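Asks: I'd like to go over a predicted model; first the sequence, then the structure.
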Amino acid sequence: MLRIARAIDPSGDYRIVPGDNFNGLDAGTFDLVLSAFTFDNIPATMKARIFRDLGKQLMPSGTIVSIVSSPEIYTHEWTSFTTKDFPENAAAGSGDVVHIIVTDHQDRRPVEDILWTDESYRAVYREANLQVVQVFQPLAKDNEPYAWVSETNIPPWTIYVLRRAT
Ligand SMILES: C[S@@+](CC[C@H](N)C(=O)[O-])C[C@H]1O[C@@H](n2cnc3c(N)ncnc32)[C@H](O)[C@@H]1O
């Protein structure tokens, strides 16, 4: 991925971070941190610490965009995800493992995610000294060229826009 990114954008600075250790980066210097679905797989006990460490990377006016799966994704059918084989997902609470299959990959093995509710995300953001500035739950539109299943009625993903609280 880094090789391809550098080939497409030679002026960019692309680096791999070892796990969730940000010590090699210049803390306090980033305008924007984008986390796309990472926290779907990060256990409950680690979330607040990693968000706090991400917050420390921001300059005071910086923003974190945290895209996560909504709990509803694990109990509905979607154009490119299925959960019907996992009725136990409906009983899962924050921190529990849930299963989902991505149907537009060749690899149909169930993915193990960690369910985490909006209330729980807000609690870890508070614990991590982050303030929620905006929340988006976009829906798909009927006029789009896709055979949407639940996407026009139920938002599968939640986007939190976060700033340092102090
Ligand atoms: C659902 S994937 C999302 C990948 C990519 N951001 C995307 O949108 O396609 C979740 C990612 O979180 C990473 N991840 C899980 N735990 C992590 C941790 N403690 N530190 C860093 N990355 C982690 C996994 O390796 C995986 O690549």
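Replies: Yes, it's here.
Asks: what sits against residue 158?
Replies: Residues near residue 158 by CB atoms under 8 Å, 6 or more residues apart in numbering: 67-70, 118, 121, 135-137. From N, CA and C alone the C-beta is placed, and that goes for glycine too.
Asks: Rebuild those residues as CSV, extending it with distance to residue 76.
Replies: As requested, these are exported to CSV (distance: CB to CB, whole Å):
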residue, distance to residue 76
67, 18
68, 16
69, 11
70, 10
118, 17
121, 19
135, 20
136, 19
137, 14
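Asks: These in strands, which ones?
Replies: 67-69, 135-136 (DSSP state E).
Asks: could I have the longest helix seen in the chain exported to CSV, CA atoms only?
Replies: What stands out as the longest helix in the chain, according to DSSP state H, is helix 44-57. The C-alpha trace of helix 44-57 is given here as CSV (Å, rounded to 0.1, in the frame of the first residue of the first chain):
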residue,chain,number,x,y,z
ALA,A,44,-13.1,-2.1,24.6
THR,A,45,-10.1,-1.9,27.0
MET,A,46,-7.9,-0.3,24.5
LYS,A,47,-10.2,2.3,22.8
ALA,A,48,-9.9,5.2,25.3
ARG,A,49,-6.1,4.9,25.5
ILE,A,50,-5.7,4.9,21.7
PHE,A,51,-8.1,7.8,21.2
ARG,A,52,-6.2,9.8,23.8
ASP,A,53,-2.9,9.0,22.0
LEU,A,54,-4.5,10.1,18.7
GLY,A,55,-5.7,13.3,20.4
LYS,A,56,-2.1,14.1,21.5
GLN,A,57,-1.1,14.0,17.8
